[in-house]
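Peer 1: Quick one: sequence plus predicted model below, questions after.
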Amino acid sequence: MIGKLSDPAQAAPLFAGWEETILWSCLSGAMGSIYATRENAPTAAMACLGDFCFFAGEPSRELALFQPEPASRVIAVPQTDTWSVLLKDCYGPQATPAIRYATKKEPSVFHRPHLEQAAASLPPEYHLAWIDEALFSRARTIPWCQDWVASYRDFSHFQQYGLGVAVMRNGEPVSGASSYSGWPGGIEIEIYTREDYRRRGLAYAAAAALILACLDRGLYPSWDAQNLASLALAEKLGYQFSHEYPVLLLDTPATPC
């Protein structure tokens, strides 16, 4: 029987060595949930936060099919090829392979003068606004930027484990960089720009400002790229490519297998 772990640390051995900050958020108990085949010394576990689910340990069909919360699509990250094969078997055509791009976790890599110049590069008709309670509530009602704040229970939770900045024009957010998730030592950056404001350098300026704010607070601003465009922006800001890794985009619920 699958259950939510009351102590996320019980699953830590299963995820050992996996440098994904979303996992760190789950294991620290800051955000997300971990589900396992048993409470004590689990043999398989699934860490879930937002759209992501990480599968580790001994592959379990029951766990692969377990869906703790309603979702139209899940980004499944299998620890091994065996997990990947099992998930494909369970979800069939509802499992679409994709690639993501990890960057190196290097706190000392950033060049502050470069970031300061980038943060100040906005055209005069735009300005940066840090996500306060009003902007937090507002982002939750705007579909294109909901992921800036969607993983947090409320603004108090965001204050504890999140940080974000929006690019504003005429009182409206048009781009921004925020924390998809957080843990006691840092955040996972989420970048998004409204479609009609792309390719103007807005995300570049917002991301630079957010990275600087993290450095000032002693937080690590982690960047995991969804695509090559995101990776190129990360590298422009100082990150270095680490490796690509496979994921499966699962349309849920699964057809019984």
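Peer 2: Done, it's in.
Peer 1: what about the nearest residue to residue 148 once chain neighbours are set aside, helix or strand, and which?
Peer 2: Nearest non-adjacent residue to residue 148, counting by Cβ to Cβ, 6 or more residues apart in numbering: residue 178, 3.6 Å away. C-betas here are computed from N, CA, C, even on glycine. Per DSSP states H and E, residue 178 falls inside strand 172-183.
Peer 1: Could you list the paired strands of that strand along with their orientation?
Peer 2: Paired neighbours of strand 172-183 in the sheet (DSSP bridges): strand 164-169 (antiparallel), strand 186-193 (antiparallel).
Peer 1: any chance of the ones you listed in a markdown table, with distance to residue 204 too?
Peer 2: A markdown table is the format used below for the strands paired with strand 172-183 (distance: least, Cβ to Cβ, whole Å):
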| stretch | distance to residue 204 |
| --- | --- |
| strand 164-169 | 10 |
| strand 186-193 | 9 |
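Peer 1: just those: most buried one?
Peer 2: With neighbours defined by mean count of other Cβ atoms under 10 Å, none of the strands paired with strand 172-183 is more surrounded on average than strand 186-193, at a mean of 24.
Peer 1: for that strand, what is the average pLDDT?
Peer 2: Strand 186-193 shows a mean pLDDT of 97 in the predicted model.
Peer 1: gap between stretch 165-182 and the chain center?
Peer 2: Centroid separation between stretch 165-182 and its chain, computed with Cα atoms, centre = their mean, to the nearest Å, is 16 Å.
Peer 1: Check the average confidence over that stretch, would you?
Peer 2: Model confidence over stretch 165-182, given as mean pLDDT, is 98.
Peer 1: Can you give me the buried ones in that stretch?
Peer 2: When neighbours are counted by 16 or more other Cβ atoms under 10 Å, the buried residues of stretch 165-182 are found to be 165-169, 173-182.
Peer 1: Can you show me the CA trace of that stretch as PDB?
Peer 2: Extracted C-alpha coordinates of stretch 165-182, given in PDB (Å, rounded to 0.1, in the frame of the first residue of the first chain):
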ATOM      1  CA  VAL A 165      10.700  39.500  -9.200                       C
ATOM      2  CA  ALA A 166       8.400  40.600 -12.000                       C
ATOM      3  CA  VAL A 167       9.000  42.900 -15.000                       C
ATOM      4  CA  MET A 168       6.200  45.400 -15.000                       C
ATOM      5  CA  ARG A 169       4.800  47.600 -17.800                       C
ATOM      6  CA  ASN A 170       1.900  50.000 -17.300                       C
ATOM      7  CA  GLY A 171       1.100  48.200 -14.000                       C
ATOM      8  CA  GLU A 172       1.000  44.800 -15.500                       C
ATOM      9  CA  PRO A 173       3.500  41.900 -15.100                       C
ATOM     10  CA  VAL A 174       4.900  40.900 -18.500                       C
ATOM     11  CA  SER A 175       7.900  38.800 -17.500                       C
ATOM     12  CA  GLY A 176       9.600  37.600 -14.400                       C
ATOM     13  CA  ALA A 177      11.900  35.200 -12.500                       C
ATOM     14  CA  SER A 178      10.700  33.500  -9.400                       C
ATOM     15  CA  SER A 179      11.200  30.400  -7.400                       C
ATOM     16  CA  TYR A 180       9.400  27.300  -8.600                       C
ATOM     17  CA  SER A 181      10.400  25.700  -5.300                       C
ATOM     18  CA  GLY A 182      12.700  26.400  -2.400                       C
END
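Peer 1: Please renumber the chain so that the first residue is 49 from this point on.
Peer 2: Yes, from this point I'll number from 49; that puts the last item at stretch 213-230.
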